[in-house]
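> only geometry, no sequence info:
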């Protein structure tokens, strides 16, 4: 029997029963649906972070599935709820605030959309401050259980959906302006860059580059993995999701560079050949590494 | 096929394998039972918090189900284990310390009780300091798997069960004494009050009230949701579980009022009409909002 | 229908989607497999802690099962992946760094081993820095789903597997040198000692002993449970996993003794009869207790 999957990403955390209560609603609504937790420690209200994590996780999540995503910053008029179907048959349920928009492209692009405005699917008296429990969870559960997409609510043109503008890097002749898009559990800094951006600025794998970040300037190598530098050294490399990352071998790049999400940085090609090698920094005791 | 649900609330946290081991015992004992995590970050040994969270979550959890609740403060003589069946067919398994008592009423009231004293259902050599693993988990799993309630142990009159006295608010002619019952992930303060308590003190929705808490006195509005005040302002409102809450729009009321669980407070009707409106406080950067 | 169990222990934490992505891969690979989380907050890269927790949890986990364990410190040459089958039919999948070696003995001893080197089971382009997602998760999922063990990869003699040397205590005529092996959620200190070690040094249940740890010396009782001393007092006792533990009744031994994992300590028999009783320490407010 095919499993009915519902993946769940939110900023609810684990300190109270919000998450348990949403899962309770899903279990009551559609007992056979299986919930797969993607992440519940999205920074509160950080739609961009949630969107980026969801998009990078999607290639590894069950498919087809219903993807419930709940990061819902307060606005004078709250974002309407939407359900979006993509070309590969995946379904996304979330506020219409761009949270799932980066994910649609990973799944072949949005092809159908509905406003979540059919109250027959909701809690009979939904609370205005907990739509996750009273509106989004029961609707996502019903969709995962086979409810025809059309019954969710009013049809909507996919062009009317809110989309997130990913802050793109700026590529110049010999340098790239980017920023820190994510900091992971190990302190690695994922940038809003692919390897191609560096190559457009004349930077090739194996080159040393100048890295400017948080008021620091250092010369570091651009390598395939941070395992190729000595313990405690900084490297620019590709991470396991194919994006450019700054890492410290067995250390925390976030701590070393005092950088957090959103920190701007510049990676420049070194002008002349024969420039000095990577800065040798003393090793530090905080040991972190591969997964 | 009907799912066999076991919900689980505890103060075990996630830093060690206590929770995993209990789930392992449940899986060994009754492989088809599905576990739904309600909350595992109850403040260690805080039976009152656990009881309040469980009671407020129950309307959203699968039913019928077995509800395993494990918050078990040390006492010279440890609380006996009890299983309680309620009018709606739900079953609760916990120490007899009041932890599930607020939940019984949500489920129609306790109608049968048994002491958990049939050692044939336990680990053959139960550890005195981990009854959760050796006694409560296997008994709850067996019940979820269909074990007749009578086989849990000796019958007990439901009047002999330990019940938690909820600290009730005191309602005076023009003010109410209450306290902070919960602080949620977003810093909202849930009080031990319903809207009716405020109405008995002559306070209606839309009124401004005087709020005294942690040595502070402020005038704030009593509104349907905190979304109705400006960013950074304090409001008294109803939360998504229908209880009175103090919230800061896009901020943390716990941080603003320096209040935590148990903090006493007084909400008073403003004596004369034409009193000043809500105190305008500068907005603060910590953004928190709806779920 | 028999359930297909996969237990999962790691140092991935909950702050990013690494764990969710691995569970996604398992769900894609073998949708009917059920994942049981043992612990995901192993101290980053602490293979010894992960190994000890897994070994102590195993008697309570479903059997037979596939046990996926991912704590993988960086090394110049990363540890190869291995699958190990034990006498009781359990299967372990992990890096060959000793992480599961303490568990094999709990399961009757390792009887077969294979290098995880059949790339047909992996992600087509595995990332060097996330073998958990691209190699270990799909292989463990396939094994849990019934893949013949032989198809994992090249056969390996079990004597070639990396094993962890548990730091053994030193037992002298009247004292034992041990160390803190674990600190639990409640601040209890689990030692690398069994009761037999104390008995070999002439220490019996009920005796007072001299405890030296972190520059402190105190006289405390060796009792069956810490419930037998007054609130706030230190006791040496047996924990629920049958190992010797230092606990403070309704307090944190880790805080009291300022001791963390790896802290050496000496427990000595008191020379003469009629020695003073346990040191009476003032009670402290941090309340922690039985589970």
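That came through fine. Given the structure is predicted, the values throughout are model-derived calculations rather than measurements.

> test my guess that residue A:129 contacts residue B:227.
Yes - with contact defined as C-beta atoms under 8 Å, residue A:129 reaches residue B:227; the gap is 7.5 Å. Yep, even glycine has a C-beta here, placed from its N, CA and C like the rest.

> so which of the two has more stuff around it?
Set residue A:129 next to residue B:227 and count neighbours by other C-beta atoms under 10 Å in any protein chain shown: residue A:129 wins out with 27 against 20.

> how far away is that one from residue A:135?
Taking C-beta to C-beta, to the nearest Å as the measure, residue A:129 falls 12 Å from residue A:135.

> equivalent analysis for residue A:195, please.
Distance, residue A:195 to residue A:135, by C-beta to C-beta: 41 Å.

> for residue A:254, same thing?
Per C-beta to C-beta, residue A:254 is found 36 Å from residue A:135.

> next one: residue A:110
For residue A:110, the distance to residue A:135 - C-beta to C-beta - is 20 Å.

> doesn't residue A:20 lie inside a helix?
Yes - the assignment for residue A:20 is a helix, going by DSSP: H, G, I helix; E, B strand; the rest coil.

> hmm, it is touching residue B:35, no?
No - judged on C-beta under 8 Å, residue A:20 makes no contact with residue B:35 at a distance of 11.1 Å.

> which one of these two has more residues nearby?
residue A:20 (24 against 19).

> contacting residues for that one?
Going by C-beta atoms under 8 Å, 6 or more residues apart in numbering or on different chains, residue A:20 touches B:7, B:9, B:36-39, B:57, B:61.

> do the same with residue A:200
A:171, A:176 are the contacts of residue A:200 under C-beta under 8 Å, 6+ apart.

> for it, phi and psi?
phi -60, psi -20 (degrees, to the nearest 10).

> model confidence for it, exactly?
Looking at residue A:200, its pLDDT stands at 93.

> about what we covered before: of residue A:195 and residue A:135, who's got more company?
For residue A:195 versus residue A:135, the count of surrounding residues by other C-beta under 10 Å is larger for residue A:135: 22 against 18.

> returning to that earlier point: chain A next: which of the contacts of residue A:20 are close?
With C-beta under 8 Å from any C-beta of the partner chain as the criterion, these include B:7, B:9, B:36-39, B:57, B:61 near chain A.

> just give me the neighbour total for residue A:210.
Residue crowding around residue A:210 was assessed by other C-beta under 10 Å; the count is 17.

> list the strands paired with the helix or strand it falls within, with their directions.
For residue A:210, the host element (DSSP states H and E) is strand A:208-213. Applying DSSP bridges, strand A:208-213 is found paired with strand A:216-223 (antiparallel), strand A:264-269 (antiparallel).

> check which residues of that strand are buried.
For strand A:208-213, the neighbour count (16 or more other C-beta atoms under 10 Å in any protein chain shown) marks A:208-211, A:213 as buried.

> out of the strands paired with strand A:208-213, which one sits most buried?
Highest mean neighbour count among the strands paired with strand A:208-213 (mean count of other C-beta atoms under 10 Å in any protein chain shown): strand A:264-269, with a mean of 19.

> in a helix, residue A:134, correct?
Yes - counting by three-state DSSP, residue A:134 falls inside a helix.

> so what's it up against?
Neighbours of residue A:134 in contact, by C-beta under 8 Å, 6+ apart: A:25, A:122-123, A:125-127, B:240.

> near chain B, which residues of the stretch 51-200 of chain A?
Residues of the stretch 51-200 of chain A lying near chain B (C-beta under 8 Å from any C-beta): A:70, A:72-74, A:76, A:78, A:127-134.

> most neighbours among those residues, please name it.
For those, neighbours were counted using other C-beta under 10 Å, and residue A:132 has the most, 29 neighbours in all.

> would you map the strands across the stretch 151-291 of chain A?
Listed in chain order, the strands of the stretch 151-291 of chain A (DSSP state E, counting those that start in this stretch) span A:155-156, A:170-171, A:175-183, A:189-191, A:208-213, A:216-223, A:234-238, A:244-248, A:264-269.

> mind listing what's buried along the fourth one?
Right, the one you point to is strand A:189-191. Buried residues in strand A:189-191, counting neighbours by 16+ other C-beta under 10 Å, are found at A:189-191.

> do the same with stretch A:18-37
For stretch A:18-37, using 16+ other C-beta under 10 Å, the buried residues are A:18-31, A:33-37.

> quick one: mean pLDDT over stretch A:226-234.
85.

> residues in contact with whichever residue of the stretch 101-250 of chain A sits closest to chain C?
Nearest residue of the stretch 101-250 of chain A to chain C (C-beta to the nearest C-beta) works out as residue A:240 at 3.3 Å. By C-beta under 8 Å, 6+ apart, residue A:240 lies in contact with A:291, C:127-130, C:133-134.

> kindly recompute the last result at 10 Å.
Applying C-beta atoms under 10 Å, 6 or more residues apart in numbering or on different chains, we find residue A:240 in contact with A:56, A:188, A:225, A:290-291, C:18, C:21, C:123, C:126-134.

> so which of the residues you listed belong to helices?
Of the positions in these, A:56, C:18, C:21, C:131 sit in helices, assigned by DSSP state H.

> from these, which is closest to chain B?
Closest approach between the ones in helices among the contacts of residue A:240 and chain B, by C-beta to the nearest C-beta: residue C:18, at 15.1 Å.

> tell me where the model's unsure across chain A.
A:1, A:76, A:271-291 (pLDDT under 70).

> I'd like the distance between the closest residue to residue A:167 other than its chain neighbours and residue C:200.
Distances taken as C-beta to C-beta, 6 or more residues apart in numbering or on different chains place residue A:192 nearest to residue A:167, at 5.9 Å, with adjacent residues excluded. Residue A:192 is 61 Å from residue C:200, where distance means C-beta to C-beta.

> and residue A:75, how many neighbours does it have?
Neighbour count of residue A:75, defined by other C-beta under 10 Å: 13.

> counting neighbours, what do you get for residue A:145?
16.

> repeat that for residue A:89.
Applying other C-beta under 10 Å, we find 12 residues neighbouring residue A:89.

> need the contact list for it.
A:63-65, A:107-108, A:111.

> outline the domain layout of chain A.
A:5-160, A:170-269 (automatic domain parsing).
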